[in-house]
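**Q** Here is a sequence together with a model predicted from it:
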Amino acid sequence: MENVTDALKIAAAVLIFVLALSISINAFGEVRQTSKIILDYKDREYDYSYVEENKDENGNSVTKRIVGAETIVPSIYKAYKENFKIVFKNICIYEKKDVNRKKEIYTIDLEKDVLGNDTQKEKFIKAILYGSKSGTDEETWGNIKTEFEKMGIYLNDEGLYDKIINKKFKESLGVYYQEEIYGTSDSPDANKTKKRVITYTEL
């Protein structure tokens, strides 16, 4: 009789273990699915599928897709948080003092645009995106322009957003090593700084 009781206890313990294991596996599946939904929602850019992959003249992989302002604006905001450069074909973003003349600038590049703290970088992004509309009651557009003119940066009154809204652009992605530009490419690739380039060409 005692053996039957022990057998029933063992069977009950195995049943509870299997049940607990099933619940755990189900819970992990739910967590994985929920985390995927949250990550996909956080950055909707990844919903796009790249349709074409080519090599440029240097053999680097270049990927292209058609995008609008809803994709370009977040990329511009991320330019200062991540190490990449944004290039606009035929759209002047701002002008910069070059010796005794102003030079039109078509790129946004942290490496070239040396600004102060994060607040000033964010102000710069808003100014090139929204132009005179980026002024506030606390800080007028005239004050913002004057601040950047002291650094040799001349902002446009018409923001980039007004120039790209309701238009479509071909987005091309590329990558290069910063060290190769300056001729210091003797170090191994693991020690080099990878630079991502996003180029927008109006269709």
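**A** Received the coordinates, thanks. Numbers count the residues shown, from 1 in each chain.

**Q** residues touching Ile91, list them.
**A** Contact analysis of Ile91 by C-beta atoms under 8 Å, 6 or more residues apart in numbering lists Tyr106, Leu160, Lys163, Ile164, Tyr200, Glu202. The C-beta positions use only the backbone N, C-alpha and C, and glycine is treated the same way.

**Q** if we go to 10 Å?
**A** Ile91 sits next to Glu104, Tyr106, Leu160, Lys163, Ile164, Lys167, Phe169, Tyr200, Thr201, Glu202 when contact means C-beta atoms under 10 Å, 6 or more residues apart in numbering.

**Q** just Tyr161 next, same as before
**A** Taking C-beta under 10 Å, 6+ apart as the test, what Tyr161 contacts is Ala69, Ile72, Val73, Ile76, Lys126, Ile128, Leu129, Tyr130, Gly131, Lys133, Ser134.

**Q** picking that back up, out of the contacts of Ile91, who has the most neighbours?
**A** Of all the contacts of Ile91, the highest neighbour tally under other C-beta atoms under 10 Å goes to Leu160, namely 24 neighbours.

**Q** related to what we said a few turns ago, tell me which of the contacts of Tyr161 fall in strands.
**A** In strands, judged by DSSP state E, none of those are found.

**Q** can you put those in TSV and add neighbour count, pLDDT and distance to Ile153?
**A** Formatted as TSV, these follow (neighbours: other C-beta atoms under 10 Å; pLDDT from 0 to 100; distance: C-beta to C-beta, whole Å):
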residue	neighbour count	pLDDT	distance to Ile153
Ala69	18	88	23
Ile72	22	89	21
Val73	16	88	20
Ile76	20	86	16
Lys126	18	87	14
Ile128	22	88	9
Leu129	21	89	14
Tyr130	16	90	16
Gly131	22	86	13
Lys133	15	84	18
Ser134	19	78	14
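
**Q** for the residues you listed, which one is nearest Thr5?
**A** Val73 (71.1 Å; C-beta to C-beta).

**Q** so the closest one makes contact with Phe169?
**A** No - Val73 lies out of contact with Phe169 (C-beta atoms under 10 Å); the separation is 11.8 Å.

**Q** how about stretch 85-93: buried residues?
**A** Buried residues in stretch 85-93, counted by 16 or more other C-beta atoms under 10 Å: Lys85, Ile86, Val87, Phe88, Ile91, Ile93.
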